[in-house]
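Q: got a predicted structure plus its sequence, pasted below:
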Amino acid sequence: MALRREQDAAATGDRVVVGAPGDDFNGFDAGAVATYVRDDHGSWAYLGEEYGNDAGEHYGNGVAVDDDLTLVGAPDALASTSVPAG
């Protein structure tokens, strides 16, 4: 749950998405994105993470969120990949 080298964040309503393109979980600079949601009491809870597939993708370089849609940039990915919103 601890992202490395966070760079970007986006929020809408009760959801925040944080991009960390320098995260190394799946290889050097593969990147990651974490999602947090606010509960009925106003506390923020960790929902989960998604990781770049390969080293050097920089997944999470840019993030945008709108209702149930999350867009994640991975400027150095080799192919297009879509991941369902969590």
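A: All right, it came through fine. Numbering: from 1, shown residues only.
Q: hey, let's count contacts and neighbours off CA atoms from now on
A: Will do.
Q: low-scoring stretches of this structure, by residue?
A: Scanning the chain for pLDDT under 70 picks out 1-4, 79-86.
Q: geometric centre of it: which residue is closest?
A: residue 33 (1.7 Å; CA atoms, centre = their mean).
Q: now the element after the helix or strand where it lies, going C-ward?
A: Taking DSSP states H and E as the definition, residue 33 sits inside strand 32-38. Using DSSP H and E, the helix or strand that follows strand 32-38 in sequence is strand 44-51.
Q: in that next one, what's buried?
A: 49, 50, 51 (16 or more other CA atoms under 10 Å).
Q: next, the angle from it to strand 32-38.
A: Angle, strand 44-51 to strand 32-38, by axes from the mean of the first three to the mean of the last three CA atoms, to 10 degrees: 160 degrees.
Q: strand 44-51 pairs with which strands?
A: strand 32-38 (antiparallel) (DSSP bridges).
Q: returning to that earlier point: and which of the buried residues of strand 44-51 is nearest to residue 28?
A: residue 51 (11.7 Å; CA to CA).
Q: with adjacent residues omitted, what lies nearest to the closest one?
A: residue 32 (4.2 Å; CA to CA, 6 or more residues apart in numbering).
Q: re earlier: list the residues that contact the residue nearest to the centre of the chain.
A: 3, 17, 18, 19, 20, 49, 50, 51, 59, 60, 72 (CA atoms under 8 Å, 6 or more residues apart in numbering).
Q: equivalent analysis for residue 29, please.
A: Contacts of residue 29 by CA under 8 Å, 6+ apart are 21, 22, 23, 55, 56, 57, 58.
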